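Chemist: Pasting the sequence and the predicted coordinates here, then a few questions.
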Amino acid sequence: MGAELFRRKVEVLTPGRIFTFPELYLEFTAKFDSDNIPDEVTCDLYNLNDDSMASIQRGQSITINAGYGNDIGSVCEGVITDVTSSRSELDRVLHIKALNITNQYLGMKVNKSYAAGTSATFIMKDLASLLGLKFDILSVKQDVTYPRGYYANGTFQDVIADLVDDCNSLFIVTGPSLTIIPGWSGHTYGFAMDAAHGLISVEPLDRSDTPAKYKLTCLFTHGIEPYTFLDLKQKSDIVLYIRWKWFYNGMWSYSNIRRWINE
């Protein structure tokens, strides 16, 4: 019924195979945070035939896209780290574990010189393209131009971080997403959150074991990542940003949500 009401769609792509929900029942859990440790994803596929089960192997690539109707986006672009199977009452379940792999590119070495007058954003885009990467958002506060040229030498992550610092901006890595934003002040990339946009609940948190200030539950929005801004429309004085999220039983929960108006 949920798929009919909300036109939920999920695609799981492995080499030579595409598994889609609601045609095939499946469940996935996608966790992310703002550190440099690869994000783990689990995916359970139900009642596959023998050929499909045998085709999914450790070390293969996996992509999970999810959303509603025509609005779907990437949840995972990774590599399979473990595959097991089990019986659950009448079902046969294939359990897949995977890691988002953007992080493996961050440590790759770059070594390239740029001519006088080259801008920082040009260098960022060029280095990313060399590794087959792209920025989901690339917006800097001040695009610096290097009058005597620029020598990019080091890991991709370190070189990009230096360039972003020169532009007085922020570099955020989350799963398959690379984002550069001007900073929190005047930040305009975000989502309106109210009942009409899938908001279910916002619960204040006051716990000693977490720095989180709120727990938010809403319908799935693939574009929400760590440091995404959420504008709670029913409370005009609150804008939140995200640090962690997880998926469970058809809903997304967001934790370590900070009240931007005060911090």
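Modeler: Structure's in. What do you need? Numbers count the residues shown, from 1 in each chain.
Chemist: all contacts plus neighbour counts: C-alpha atoms, from now on.
Modeler: Fine.
Chemist: buried sites along the strand with the most length in the chain?
Modeler: In the chain, assigned by DSSP state E, the strand with the most residues is strand 71-88. Buried residues in strand 71-88, counting neighbours by 16 or more other C-alpha atoms under 10 Å, are found at 72-83.
Chemist: With stretch 191-209 instead?
Modeler: Buried residues in stretch 191-209, counted by 16+ other C-alpha under 10 Å: 191-194, 199-200.
Chemist: what would the residues you listed look like in a markdown table with pLDDT?
Modeler: Shown next, in a markdown table, are the buried residues of stretch 191-209 (pLDDT from 0 to 100):
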| residue | pLDDT |
| --- | --- |
| F191 | 70 |
| A192 | 73 |
| M193 | 74 |
| D194 | 77 |
| L199 | 77 |
| I200 | 77 |
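Chemist: biggest separation within the residues you listed, which pair?
Modeler: Taking C-alpha to C-alpha as the measure, those span a maximum distance of 14.5 Å, between F191 and I200.
Chemist: Where does pLDDT dip in the stretch 1-150 of the chain?
Modeler: Where the stretch 1-150 of the chain drops to pLDDT under 70, the residues are 1-6, 32-38, 101-104.
Chemist: at 50 instead, please
Modeler: 1-5 (pLDDT under 50).
Chemist: Strands of the stretch 101-250 of the chain, start to end?
Modeler: Taking DSSP state E, counting those that start in this stretch to define them, one finds strands in the stretch 101-250 of the chain at 109-114, 118-119, 137-138, 145-146, 150-155, 170-174, 177-181, 190-193, 199-204, 214-218, 229-232, 239-241, 244-248.
Chemist: quick one, which of those strands is packed in tightest?
Modeler: strand 239-241 (a mean of 22; mean count of other C-alpha atoms under 10 Å).
Chemist: same question for that one, mean pLDDT?
Modeler: Averaged over strand 239-241, pLDDT sits at 46.
Chemist: quick revisit: take the buried residues of stretch 191-209 and write them to JSON lines, including distance to D206.
Modeler: Shown next, in JSON lines, are the buried residues of stretch 191-209 (distance: C-alpha to C-alpha, whole Å):
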{"residue": "F191", "distance to D206": "25"}
{"residue": "A192", "distance to D206": "25"}
{"residue": "M193", "distance to D206": "22"}
{"residue": "D194", "distance to D206": "23"}
{"residue": "L199", "distance to D206": "21"}
{"residue": "I200", "distance to D206": "20"}
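Chemist: Tell me, how many residues neighbour Q157?
Modeler: The tally of other residues near Q157 (other C-alpha atoms under 10 Å) stands at 18.
Chemist: whoops, G132 was the one
Modeler: Applying other C-alpha under 10 Å, we find 9 residues neighbouring G132.
Chemist: Report the separation between it and L106.
Modeler: Distance, G132 to L106, using C-alpha to C-alpha, to the nearest Å: 12 Å.
Chemist: ok so, going back, closest to I123 out of the buried residues of strand 71-88?
Modeler: Within the buried residues of strand 71-88, proximity to I123 (C-alpha to C-alpha) peaks at E77, which comes in at 24.4 Å.
Chemist: which residue packs closest to the closest one, ignoring adjacent ones?
Modeler: With C-alpha to C-alpha, 6 or more residues apart in numbering as the criterion, E77 has its nearest non-adjacent residue at 4.5 Å, and that residue is T63.
Chemist: separation between the one you found and L13?
Modeler: Taken as C-alpha to C-alpha, the span from T63 to L13 is 5 Å.
Chemist: Looking at these two, which has the bigger crowd around it?
Modeler: T63 (19 against 16).
Chemist: helix, strand or coil for that one?
Modeler: At T63 the chain is in strand, as set by DSSP: H, G, I helix; E, B strand; the rest coil.
Chemist: okay, the strands of the stretch 101-250 of the chain in CSV with distance to N49 next?
Modeler: What follows is the strands of the stretch 101-250 of the chain, written out as CSV (distance: least, C-alpha to C-alpha, whole Å):
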stretch, distance to N49
strand 109-114, 43
strand 118-119, 53
strand 137-138, 40
strand 145-146, 57
strand 150-155, 43
strand 170-174, 34
strand 177-181, 33
strand 190-193, 40
strand 199-204, 37
strand 214-218, 34
strand 229-232, 42
strand 239-241, 43
strand 244-248, 26
